[in-house]
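Trainee: fold the following for me, if possible:
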Amino acid sequence: MPADYRLHTSSNLLPATRDLAVAVGDALEATGRSVEHLLDMLPSPSPGVIDLVVAPGERYLKEPGSPAHVRAAAWSVSLGTALPGDPTFEVEARFAAYGSAALGIHRCGVWALRRRQVDAHRLVFGYHPAWDGWQGVAAAPRTLDLTFLGSLTEHRDRWLSQAGWALADLRCDLRLFDGSTMFDGSGRIDGARPGRGSVSIEGSVSIEGSELEGTARPVTTGASHFVAGEDRRQLLRSSRSLLGVPRFARGPLDWVATVEAVSNGCVVLTSAEDDVAPLIPGRHLLQAGDEILPARALVLLGDEDRRAEIADSAYRLLRNELTLVDSVGRAARWLEHRLGRRPLPPFSTPRALRDSCDPAQTDPQPSPAASTPAPRSPLDQAHALIKRLALSEMEDGRRIEAVQALLRFGDAHHADVYQTPAWDNATPEVSVLVSVFNYGKVVREAIDSVVASEGVDVEIILVDDHSGDDSVAVIRQALVELPDVAIRLVASAANRGVSTARNLAFAHARAARMLVLDADNSLYPRAIRLLADAMDRSGAALTYGIIERFGSRGGLLSCLPWDVARLCADNYIDVMGLWRRSAWELAGGFDPEMDRAGGFEDWDLLLRFADLGLDATLVTEVVGRYRVEGSSHLSMINLDTESLRALLRSRYPRLPWPVHP
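Mentor: Next up, the predicted model:
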């Protein structure tokens, strides 16, 4: 006789995991079993009832430990959703080891449990009618070429940046959230200027020395940028493909995401090497190695008939041969057989299991003395002194150049102005502001990328901050070769710093919107139009898009949504964005005092926007490229960041600054 089930979920679970729990419950009921859904309740023994705890790793990772939690593990069966290598998997494995049996969504997870002597069975996720909003019938046109929905891990960060050239040609919606915790809009991700990226737990992106620990908040279905349930499925129905890059290199296929995509007519593009069967690459999905997947994706998405054929084949296989009801029925019969011949174990509290959920063992609470910053080490003090001396020398050099300009031109702020014939009659929608200092080798690349912009009238204002190389000559040659483009060069006779250079470019701008571009970076052709359209829709003071890093280091910048608490912890947004003129004027532009203090001028302006209550919007597409090379300027900034952070805190005390660890 089928058993009754109590399906346990928690408000800590990701929305997608809660969707999975509802689907499993529906499938159990469809097999003739009764199901009671319980939220945030601990399992307890009851004759004839099986307590199934969904995703215990997500539920118990951050919760206080107690004997009641350990007892719950002994009296229940876990339904694991995590992958080996994920910190939540370790929690799931320890809870599963103390229970009588376990179920797992992923084959590699079940194998890992069996190697730990856990009696585990795989629940193969399959077609669920409630997730099918497509019904295999072509309806409204799909407005997106590609969608990505998932956490940002080290592998995905690297893959997406290397595929930026292909993604920039597609209509994308790349929804990323932090991969080191289960949070939206907060967590650990390398910032644009202040931090240097590192790897924290098992491939999740983090920042060395960041203060992001205090900014984490649980993902909620109402959170901006995060979609779940029917909203998520509607997004999939509007997309031609779902990008399925595994969390880790050579990782398995995400079966839950795959089922959801296929059920809504979305072709899965993946580099996963494991757990693909019974889907056949080339017939039911596109599978290719990391390096060639972007090119293969472009080819497939350029052939709608072929894409539609794969989508239809995968849908029919799933619906006809791999249903969730059948899979859940098999898993339930296995589970009832196992539990029917094995009594509940007597309760005790193994040390290993108690430690796995006890915050006193896994997440020590700071002592009261830890609420204030620790004293600076002698090395840190030496770095701070070196930085002060270097800044002082830099300021002396600027004063000398100002005196020389005054003697030569009668004005310490003298600048020569050159422009193309097209400048006078131009009526630009967007002014592109480019500050230049010793970028003669790469500035033409930046100019050409702006000229290639599609669907928008632009003007380009370049301010050379008294470069010592051939930057001015390169730019003047561009003016000769591009007479039909509205370009103005302002060549300063003395160096005044990047903030003043950008503000000077703004003073020459005529459009209602400005895009700030460093001379060593570049834009993709659709970037400005995408940012301008997003500003029209949202009314935001600033719009920014995802940026790929290239050069000595890859990865993504500006890939997470606007979040003031996250911004206070570290600057994760690069200056490459579209700024509304009225908001710029209200904020006062870049502050030259930050240059003299040693950097963080970009972060300062963003914090000022936040302090004024101005909003920003993320465009979830790849819009530009950020060059990463060795820089003495950045090295000097990183010599002493604590004093700069303290300065920013004192400037904007009303903002939600993180508490010192």
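Trainee: run a quick neighbour tally on residue 124.
Mentor: Each residue near residue 124 was counted by other Cβ atoms under 10 Å, and the total is 18. Placement of C-beta: from N, CA and C, glycine included.
Trainee: so it, which state does it fall into?
Mentor: What DSSP: H, G, I helix; E, B strand; the rest coil gives for residue 124 is coil.
Trainee: could you look up the SS state of residue 53?
Mentor: strand.
Trainee: show me the contacts for it.
Mentor: 8, 43, 59, 72, 76-79, 95 (Cβ atoms under 8 Å, 6 or more residues apart in numbering).
Trainee: bridge partners for it, pull those for me.
Mentor: Counting by DSSP bridges, residue 53 is bridged to residue 8, residue 78.
Trainee: what residue is smack in the middle of the chain?
Mentor: The centroid of the chain falls nearest to residue 176 when counting by Cα atoms, centre = their mean (3.9 Å).
Trainee: circling back to that earlier point, just the contacts of residue 53 now: which is nearest residue 408?
Mentor: For the contacts of residue 53, the residue nearest residue 408 by Cβ to Cβ is residue 59; the value is 71.2 Å.
Trainee: neighbours of the closest residue to the closest one other than its chain neighbours, just the number please.
Mentor: Nearest residue to residue 59, sequence neighbours excluded (Cβ to Cβ, 6 or more residues apart in numbering): residue 10, at 4.1 Å. A total of 20 residues lie near residue 10 under the criterion other Cβ under 10 Å.
Trainee: isn't residue 10 right up against residue 39?
Mentor: Yes: the pair residue 10 / residue 39 is scored as a contact, 7.0 Å apart, by Cβ atoms under 8 Å.
Trainee: tell me what the helix or strand residue 534 falls within is packed against?
Mentor: Residue 534 belongs to helix 527-538 when assigned by DSSP states H and E. Helices and strands touching helix 527-538, by 3 or more Cβ pairs under 8 Å, 6 or more residues apart in numbering; DSSP states H and E, are strand 430-436, strand 513-518, strand 542-551, strand 577-580, strand 616-628.
Trainee: give me that answer again for 10 Å
Mentor: Helix 527-538 is packed against strand 430-436, helix 443-451, strand 513-518, strand 542-551, strand 577-580, strand 616-628, with contacts defined by 3 or more Cβ pairs under 10 Å, 6 or more residues apart in numbering; DSSP states H and E.
Trainee: now find how far off-centre it is within its chain.
Mentor: 20 Å (Cα atoms, centre = their mean, to the nearest Å).
Trainee: only C-alpha atoms, please: export it in PDB.
Mentor: What follows is the C-alpha trace of helix 527-538 in PDB, where atoms were taken according to Å, rounded to 0.1, in the frame of the first residue of the first chain:
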ATOM      1  CA  ALA A 527      25.700  48.900 -26.500                       C
ATOM      2  CA  ILE A 528      24.700  52.500 -26.500                       C
ATOM      3  CA  ARG A 529      21.300  51.800 -28.100                       C
ATOM      4  CA  LEU A 530      20.600  49.100 -25.500                       C
ATOM      5  CA  LEU A 531      21.600  51.400 -22.600                       C
ATOM      6  CA  ALA A 532      19.500  54.300 -24.000                       C
ATOM      7  CA  ASP A 533      16.400  52.100 -24.500                       C
ATOM      8  CA  ALA A 534      16.800  50.800 -20.900                       C
ATOM      9  CA  MET A 535      17.000  54.400 -19.600                       C
ATOM     10  CA  ASP A 536      13.800  55.300 -21.500                       C
ATOM     11  CA  ARG A 537      12.000  52.300 -20.100                       C
ATOM     12  CA  SER A 538      13.200  52.700 -16.500                       C
END
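Trainee: any idea of the mean pLDDT in that helix?
Mentor: Mean pLDDT, helix 527-538: 98.
Trainee: which parts of that helix are buried?
Mentor: 527-532, 534-535 (16 or more other Cβ atoms under 10 Å).
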